[in-house]
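Asker: Pasting the sequence and the predicted model now:
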Amino acid sequence: GENVEQHPSTLSVQEGDSAVIKCTYSDSASNYFPWYKQELGKRPQLIIDIRSNVGEKKDQRIAVTLNKTAKHFSLHITETQPEDSAVYFCAASGAEGYSTLTFGKGTMLLVSP
Amino acid sequence: NAGVMQNPRHLVRRRGQEARLRCSPMKGHSHVYWYRQLPEEGLKFMVYLQKENIIDESGMPKERFSAEFPKEGPSILRIQQVVRGDSAAYFCASSPGADSPLHFGNGTRLTVT
């Protein structure tokens, strides 16, 4: 089955800096890659996603890049703010579609003012 | 739109008791997914259901765990004879179709004493 590795497990940055979180996946048939943000004690919330037919997608301060050949994708957050502090999870779909999303173990991002 | 509703938010059970977790999907969503999250871990897929059908239960433990999504009413995740290792946060997600992003509920935190 699919295996998703996520790095780093923790990331501390100063407000205004950029943050990059990287994930690799094992199943070359995976075709959908969402990113979720989870604040302490709350539900995971979808912040951005990308499908395998594009290499990059941007939404304001958040961008995701995908390299299908190397089987890795990354989340980029620019001009970080304290409210960006949370745990971020990457995920990849199995060949069967979104129902079999496999998640990484998460990255705890701490943005210091 | 009320979002995905899960109840209870917190559930305490003694070893050997049964736990019943409920999930009402977002309005218009007919696909329901259950995930389990252990401390400092990612979300582990358990089961994917549509109305009256289990589509994929590859992540469900073979014993004591069952799930249903009846024609009327919420989806239920049932854990019989709970053990301490069942303590976790259980998240339900829904989508309008198999190729649509998942929207998560706030989770049920199960504690087995």
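Answerer: Structure received. Numbers count the residues shown, from 1 in each chain, chains lettered A, B, ... in the order given.
Asker: how deep is A:Val13 tucked in, by neighbour count?
Answerer: A:Val13 sits with 17 neighbouring residues when counted by other C-beta atoms under 10 Å in any protein chain shown. For the C-beta atoms, the positions are set from N, CA and C on the backbone; glycine is no exception.
Asker: Is it correct that it is in contact with A:Thr80?
Answerer: Yes. At 5.5 Å, A:Val13 and A:Thr80 qualify as touching, with contact defined as C-beta atoms under 8 Å.
Asker: Please enumerate the shared neighbours of those two.
Answerer: A:Ala19, A:Leu109, A:Val111 (C-beta atoms under 8 Å, 6 or more residues apart in numbering or on different chains).
Asker: Rebuild those as TSV, extending it with neighbour count and distance to A:Pro34.
Answerer: Shown next, in TSV, are those (neighbours: other C-beta atoms under 10 Å in any protein chain shown; distance: C-beta to C-beta, whole Å):
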residue	neighbour count	distance to A:Pro34
A:Ala19	19	18
A:Leu109	21	17
A:Val111	20	22
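Asker: list the helices and strands the helix or strand harbouring A:Ile47 packs on?
Answerer: Using DSSP states H and E, A:Ile47 falls within strand A:45-51. When contacts are defined as 3 or more C-beta pairs under 8 Å, 6 or more residues apart in numbering or on different chains; DSSP states H and E, strand A:45-51 sits against strand A:32-38, strand A:56-59, strand A:62-67.
Asker: Most tightly packed of these?
Answerer: Across the helices and strands packed on strand A:45-51, the average number of neighbours (mean count of other C-beta atoms under 10 Å in any protein chain shown) peaks for strand A:32-38, which reaches a mean of 22.
Asker: just checking, what packs against that one?
Answerer: Using 3+ C-beta pairs under 8 Å, 6+ apart, strand A:32-38 sits against strand A:45-51, strand A:62-67, strand A:86-94, strand A:97-103.
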